[in-house]
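> sequence and predicted structure are below.
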Amino acid sequence: MKQAKRVFLIVLDSFGVGAAPDAADFGDEGADTLGRVLQSPQLEIPNLTRLGLLNIQGVKANRREASPLGSYARLREVSRGKDTTIGHWELAGVVSPSPLPTFPEGFPPECIEAFEKAVGRGVLCNKPYSGTQVIRDYGMEHLATGKLIVYTSADSVFQIAAHESLIPPKELYEICRKARALLTGPWGVGRVIARPFEGTGPDNFTRTPRRHDFSLLPPRPTLLDAVKAARLDVIGVGKIHDIFAGSGLTLTLRTAGNTEGIARTLELAGQEFRGLAFINLVDFDMLYGHRRDVDGYARALSEFDRSLPALMEQLGPEDLLMITADHGCDPGFTRTTDHTREYVPWLIWGRALAPGQDLGTIRGFGAVGATIAQALGVPAKLEGEGQWEALNPGDF
């Protein structure tokens, strides 16, 4: 059996397809990102429908595709978490049996004192907060005192907001690197996030697109490391570099949001490389899921759907397209504004693959990484059951 030449793995950040069996353990019983978005009049997804999205087991939709172009499954996360870092790590073959630490009461005094000493600045806030509200409430004091706005959320994050006129992004990134070096062990959050903002006052303070994430290194080698070790290309688009702390990547293409991420993906499809293009489209989560904007989520999904014909047209007979997610963030789930514990979709398409394979429900996001390793012919020790043979690749 021949191997694939290129795999395009696209993560629609937060695109869940219904509550996981253990959703109640996370306070997320009844969450359903896709189900909620299907109710929006703004949604137009003919191409995802043709690939088999609405045929996925458990999806509550009024219609199903009679002859799907792609194969499809829903994946159940086995890691103990529902955040971006853990979800992507599991997609790449590393299961996290323990959740990353969160700080619902803010970071302990000894942690903040150590951070202040390391960076030479004081701290404001230090509590869970909305990222847009925190700069309204603390932005003027930050400008007057030079103190950093530090806040967290229900996720395992240490976020640092600073006005670009006072602390330019490059300086803020260096502050975040110092925080990342400090935040290990019991303080070892999944991500330190730089949150630069601009504006003249609370009424017009806005976050800029120069956000930057600083993640923990994965605890074990991932799919990315295995593909790179095989001397193939591993191209990260969007925040993939941040999620994996750069490990296993041969090229990084940063983006300011979905529209640019889609454009970079289309450009890559027209270029010559061999290996993996790993793409994260963050706006679903950042702009619409957490802000509980159902119609905005629907419009973003429709924008992605419109890009699919051009992308698929550029893929050759030895290329694969996979579309999945890292967790849920139901935009209509009003108990919290947190991520939601959900199944995620997995759509697989390639010109040489037999269409319409229903893979049912698969335990573990790691099936994605393991299947990609099999398709590329890359030896890898990953946590996940590969589905390459089930996809019936034939004479690929």
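Yep, that arrived. These numbers come from a predicted model, not from an experiment. Numbering: from 1, shown residues only.

> tell me where the chain has helices.
Counting by DSSP state H, residue ranges of the helices within the chain are 33-37, 46-51, 84-91, 109-119, 131-145, 169-182, 223-229, 240-243, 258-269, 283, 294-314, 366-376.

> what's near enough to touch D242?
Shown in contact with D242 (C-beta atoms under 8 Å, 6 or more residues apart in numbering): 191, 212-215. (C-beta placed from N, C-alpha, C; glycine too.)

> export those residues to a markdown table and append columns for neighbour count.
A markdown table is the format used below for those (neighbours: other C-beta atoms under 10 Å):
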| residue | neighbour count |
| --- | --- |
| R191 | 24 |
| H212 | 19 |
| D213 | 21 |
| F214 | 21 |
| S215 | 23 |
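
> just the residues you listed: which are in strands?
Of the contacts of D242, the ones assigned to strands by DSSP state E are 191, 212-215.

> the residue lying closest to T324 once chain neighbours are set aside pairs with what?
Distance criterion C-beta to C-beta, 6 or more residues apart in numbering; nearest residue to T324, sequence neighbours excluded, is W346 at 4.8 Å. For W346, the beta-bridge partners under DSSP bridges are A73.

> wait, D283 touches E260, no?
No - with contact defined as C-beta atoms under 8 Å, D283 does not count as touching E260 (10.0 Å).

> can you add mean pLDDT and distance to T152 and give the helices of the chain back as CSV?
CSV is the format used below for the helices of the chain (pLDDT from 0 to 100; distance: least, C-beta to C-beta, whole Å):
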stretch, mean pLDDT, distance to T152
helix 33-37, 98, 23
helix 46-51, 98, 34
helix 84-91, 96, 14
helix 109-119, 98, 11
helix 131-145, 97, 10
helix 169-182, 97, 12
helix 223-229, 98, 27
helix 240-243, 94, 17
helix 258-269, 98, 25
helix 283, 97, 22
helix 294-314, 98, 24
helix 366-376, 98, 28
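
> picking that back up, which one of D283 and E260 has more residues nearby?
Set side by side, D283 and E260 show more neighbours around D283, with 25 against 17, by other C-beta atoms under 10 Å.

> what about the more buried one, distance to G257?
Noted for D283: a distance of 5 Å to G257, by C-beta to C-beta, to the nearest Å.

> what of V344?
With distances taken as C-beta to C-beta, V344 is found 21 Å from G257.

> what about those two, which has more around it?
Neighbour comparison, V344 and G257: the larger count goes to V344, with 30 against 15 (by other C-beta under 10 Å).

> quick one: end-to-end length of stretch 151-166, please.
Its first and final residues considered, stretch 151-166 spans 18 Å by C-alpha to C-alpha, to the nearest Å.

> of the ones in strands among the contacts of D242, which is the nearest to W89?
Nearest to W89 among the ones in strands among the contacts of D242 is S215, at 9.4 Å by C-beta to C-beta.

> now for that closest one: which residues touch it?
85, 190-192, 242-245.

> low-scoring stretches of the stretch 201-350 of the chain, by residue?
Along the stretch 201-350 of the chain, the model assigns pLDDT under 70 to no residue.

> can you rerun that using 90?
209, 213, 215, 337 (pLDDT under 90).

> any weak-confidence spans in the stretch 1-150 of the chain?
The model of the stretch 1-150 of the chain has pLDDT under 90 over residues 1-3, 62-63, 98-99.

> repeat the analysis, applying 70 as the threshold.
Scanning the stretch 1-150 of the chain for pLDDT under 70 picks out the ranges 1.

> returning to what we had before: ok, the residue nearest to T324 touching L75?
Yes - W346 is in contact with L75 according to C-beta under 8 Å; the separation is 5.4 Å.

> related to what we said a few turns ago, if we only consider the ones in strands among the contacts of D242, which is nearest to F197?
Each of the ones in strands among the contacts of D242 was checked against F197 using C-beta to C-beta; the closest is H212, at 13.3 Å.

> nearest residue to the closest one in space, please, no chain neighbours.
The nearest residue in space to H212 (C-beta to C-beta, 6+ apart) is A194, at 4.4 Å.

> then L251?
Of all residues not flanking L251 in the chain, I235 sits nearest, at 4.6 Å (C-beta to C-beta, 6+ apart).

> who does that neighbour bridge with?
Beta-bridge pairing of I235 under DSSP bridges involves L251, A277.

> got a list of what it touches?
Counted by C-beta under 8 Å, 6+ apart, I235 has contacts 249-253, 268, 273, 275-278.

> what is the neighbour count of I135?
Residues near I135, counting by other C-beta under 10 Å, number 27.

> hang on, it packs against F205?
Yes - I135 lies in contact with F205 (C-beta under 8 Å); the separation is 4.5 Å.

> between the ones in strands among the contacts of D242, which is nearest M140?
The nearest member of the ones in strands among the contacts of D242 to M140, counting by C-beta to C-beta, is H212 at 24.1 Å.

> one step back: same list, the ones in strands among the contacts of D242, but as CSV with distance to A230 please.
Converted to CSV, the ones in strands among the contacts of D242 look like this (distance: C-beta to C-beta, whole Å):
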residue, distance to A230
R191, 28
H212, 29
D213, 27
F214, 28
S215, 24
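
> ok so, going back, list the contacts of the residue nearest to H212.
By C-beta under 8 Å, 6+ apart, the contact list for A194 reads 160, 162, 169, 172-173, 175-176, 210-214.
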